[in-house]
Each structure stands twice: as C-alpha cells, then as structure tokens.
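Chemist: here is the input, now give the coordinates:
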Amino acid sequence: MTPARTRLTTALRELRARTGLSLAGLAERTAYSKSSWERYLNGRTMPPRQAVQDLCRLAREPDGRLLALWEIAESEWSGRAGEAATPAPAPPGPRPRPRPREATRPTGAGRSTGSPRPTRRPTRGRGRLVAVLVSVCAVTVGGLTSALLLLPHREGEPRSSSSPPVAGPRCRGTGCEGQDPMHMLCGAGPEILTTHRTTSGARLEVRYSERCGASWARMWGTRVGDRLEMTAGGPTRRAEIEDDVDAESYVYTVMTATRPGDVVRACFRPAASDGGERECVDARVRPSGTSRPPSPQ
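Modeler: Numbers count the residues shown, from 1 in each chain. Have a look, this model is predicted:
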C-alpha cells in the first residue's frame, strides 16, 4: 500500500475501535457488509467515500480530515488501478506472405524427383503466430484474474486462507519498545490517559494499552513541521509532520513500555515558522479498572 492508503487504513481502524462495534455491528448500522468492512479495515480494498463518512458518524468524529486523506489515497489507487486494468498491446500479427511460386521448383524436375522440400519461412510464420496467440491468451487471463480480484466478496462465500482472523497483540512490555502501536495490534481499545489542545489548535493525546503494557502519543489538526515527543522515564519517542498527508491524518509516536503508576510526558513543538513554545502534558498510567469513571446510575 502507498503511505496515504496506510494512513487511511490506520485512521479507519482507530475510528472503529472508538465505536466499540464489531464488524457485524458496523454491517448492521451501515450499508456495507461485514466482509466489506473487513477488507476496508485490513487495507485490501479502497473503501467508498460514504463508508468513511458513516464510520466518522458512528465514532462522532468530524469527517473533514478523513475525507481529505481519502481523496489523496483514492486518487493514487485509481491511477494505479487504471494502469493495471489496461492490458499491454499485443504484438502485431505476422504479415501475410505470398504463396511459394512454382518457380521455386527446379526447372524440368518431374515426379521422379519427389516433391520439393518445404522452406522454413512458413514454419517461422506459424511459430510467430503461435507466440502471438499465447501472448493474447496470457493478457486475457491476466485481465480476467485482476477483474475477479477486484470484485466485492459476497456474503456466504468461503474466505480466502490468505486473510486470517485478527490475532491478539504482537508484543508485550519491553518487547513493544520502539514498535508501531498499529502494526503490533496494540491500538484496539486503548486507554486515553489525557487529551490536550495546543495554542496553535493542534491536539495531542496520550494512550496506553493494558494488553501490550505500553504507551504512545498521537497528534492531529497539525501543520507541516509540527513535532511530538513522548517519554516515560526512558527513551524519548518522536514523531514529526513531514507533509500534507501527515497534516490531514493522525500521526503517532512509537511505543514505550509502561506500567500502572508510571508517568508519561508528551510535548508538542509547533513548526518553527509558528514561533510558538513547547507545550507539555503529564499523564499517569492508572491501574486496571480505575481508568474510566463509573457510569452514572
């Protein structure tokens, strides 16, 4: 996938985790099937614009940033799909060759000399024709295969063995140091330790995964050049807004191992052109069962 597709898929997974809905729950509340949502969230299929809007609505997230990222990813995907769907032109067929003239037979040769030995030119023509037919068949089969892969998966059809169910987290504790929270499957249902709005309008958030025993920070509503730093008494993890695609999506730091009681500090550094000062927030990792206030009776 392109960077834009990767960021879009990451953002969609994050929204889905925020809704708390299963794939079946998404299918019940939208016009898209469970298998379609599975492909969208795994990055195997480009989601429709309406699907992105529906997921934003369910997560109570303004759809402006996600739609901007979708526009970039969709334009890249459409360009490549158009190239892949256009078969390469078949090589030109063999030119018709005139029939061998009678003059090719030796003058005065009779039946007793036997029929003349055939020349190799017609044989080469037939060989070239066979090669052309093979090429055309290969292009046709390739086009049909690509079309079948792009067809939507229907409900009730057996799933391909290449798409196993989503597994648990891939790291724990110190094994998560310096790892991407999305790739390690730690981003599903994290604890939000704190959220802060900066003076420039950007937002930052500190997150913790009890299953992975690790924390990370993310920022959005940013500008090119903005930076984010996060530490929990160990290595400092950093992220930076490098281009417009980053500025229109969520950008994460990698993870650092944390336990209940640890203090995580996240600092936002605005782009140099903004002239703003660094803003920091602290958040404490709380024991299990105390991270969320009890629901009102």
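Chemist: going by C-alpha atoms from here, please, whenever you check contacts or count neighbours.
Modeler: Noted.
Chemist: now do the helices in the stretch 101-250 of the chain.
Modeler: Taking DSSP state H, counting those that start in this stretch, the helices of the stretch 101-250 of the chain run over residues 121-150, 244-247.
Chemist: lowest mean pLDDT across the ones you listed, which one is that?
Modeler: Ranked by mean pLDDT, those end with helix 121-150 in last place, scoring a mean of 50.
Chemist: please parse this protein into its domains.
Modeler: Following the assignment in automatic domain parsing, the chain carries domains at 3-86, 173-284.
Chemist: among those domains, which is the most enclosed?
Modeler: Mean neighbour count, computed with mean count of other CA atoms under 10 Å, is highest for domain 173-284 among the domains of the chain, reaching a mean of 20.
Chemist: quick one: contacts for Asp63?
Modeler: Val52, Gln53, Cys56, Arg57 (CA atoms under 8 Å, 6 or more residues apart in numbering).
Chemist: do that again at 10 Å, thanks
Modeler: Residues touching Asp63, when contacts are defined by CA atoms under 10 Å, 6 or more residues apart in numbering, comprise Val52, Gln53, Asp54, Leu55, Cys56, Arg57.
Chemist: so the last one belongs to a helix, correct?
Modeler: Yes: Arg57: assigned to a helix according to DSSP: H, G, I helix; E, B strand; the rest coil.
Chemist: distance check, the closest residue in space to Thr45 that isn't next to it in sequence against Trp216.
Modeler: Beyond its immediate neighbours in the sequence, the residue positioned closest to Thr45 (CA to CA, 6 or more residues apart in numbering) is Arg39, lying 5.4 Å away. Relative to Trp216, Arg39 is positioned 27 Å away (criterion: CA to CA, to the nearest Å).
Chemist: do the same with Leu15
Modeler: When CA to CA is the yardstick, Leu15 and Trp216 sit 17 Å from each other.
Chemist: repeat that for Thr2.
Modeler: Thr2 sits 24 Å away from Trp216, taking CA to CA as the criterion.
Chemist: now Arg7
Modeler: Arg7 sits 17 Å away from Trp216 when distances are taken as CA to CA.
Chemist: show me where the stretch 101-250 of the chain has strands.
Modeler: 191-197, 203-209, 214-220, 227-231, 237-240 (DSSP state E, counting those that start in this stretch).
Chemist: of all those, which one is nearest Arg172?
Modeler: Ranking the strands of the stretch 101-250 of the chain by distance to Arg172, with CA to CA as the measure, places strand 214-220 first at 7.4 Å.
Chemist: helices or strands next to the closest one in the packing?
Modeler: Using 3 or more CA pairs under 10 Å, 6 or more residues apart in numbering; DSSP states H and E as the contact test, the elements touching strand 214-220 are strand 191-197, strand 203-209, strand 227-231, strand 237-240, helix 244-247, strand 251-252, strand 256-257, strand 263-269.
Chemist: worst average pLDDT in these?
Modeler: Across the helices and strands packed on strand 214-220, the stretch with the lowest average pLDDT is helix 244-247; it has a mean of 78.
Chemist: where in this structure is the helix or strand with the lowest mean pLDDT?
Modeler: Averaged element by element with mean pLDDT, DSSP states H and E, the chain has its least confident helix or strand at helix 121-150 (a mean of 50).
Chemist: low-confidence ranges in the chain?
Modeler: For the chain, the stretches with pLDDT under 70 are 78-167, 273-275, 289-297.
Chemist: helix/strand/coil for Leu69?
Modeler: helix.
Chemist: thinking it is in contact with Ala4, fair?
Modeler: Yes: with contacts counted by CA atoms under 10 Å, Leu69 reaches Ala4, the gap being 6.9 Å.
Chemist: and for the two, which residues touch both?
Modeler: Shared contacts of Leu69 and Ala4, counting by CA under 10 Å, 6+ apart, come down to Val245, Asp246, Ser249.
Chemist: distance to Arg29 for the residues you listed - can I get that in a markdown table?
Modeler: A markdown table is the format used below for those (distance: CA to CA, whole Å):
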| residue | distance to Arg29 |
| --- | --- |
| Val245 | 29 |
| Asp246 | 30 |
| Ser249 | 24 |
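Chemist: tell me which of those is nearest to Glu229?
Modeler: Sorting the shared contacts of Leu69 and Ala4 by how near they are to Glu229, with CA to CA, puts Asp246 at the top with 15.9 Å.
Chemist: thinking again about what came up before, Throw the strands of the stretch 101-250 of the chain into JSON lines and include distance to Glu28, thanks.
Modeler: Shown next, in JSON lines, are the strands of the stretch 101-250 of the chain (distance: least, CA to CA, whole Å):
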{"stretch": "strand 191-197", "distance to Glu28": "26"}
{"stretch": "strand 203-209", "distance to Glu28": "28"}
{"stretch": "strand 214-220", "distance to Glu28": "30"}
{"stretch": "strand 227-231", "distance to Glu28": "38"}
{"stretch": "strand 237-240", "distance to Glu28": "37"}
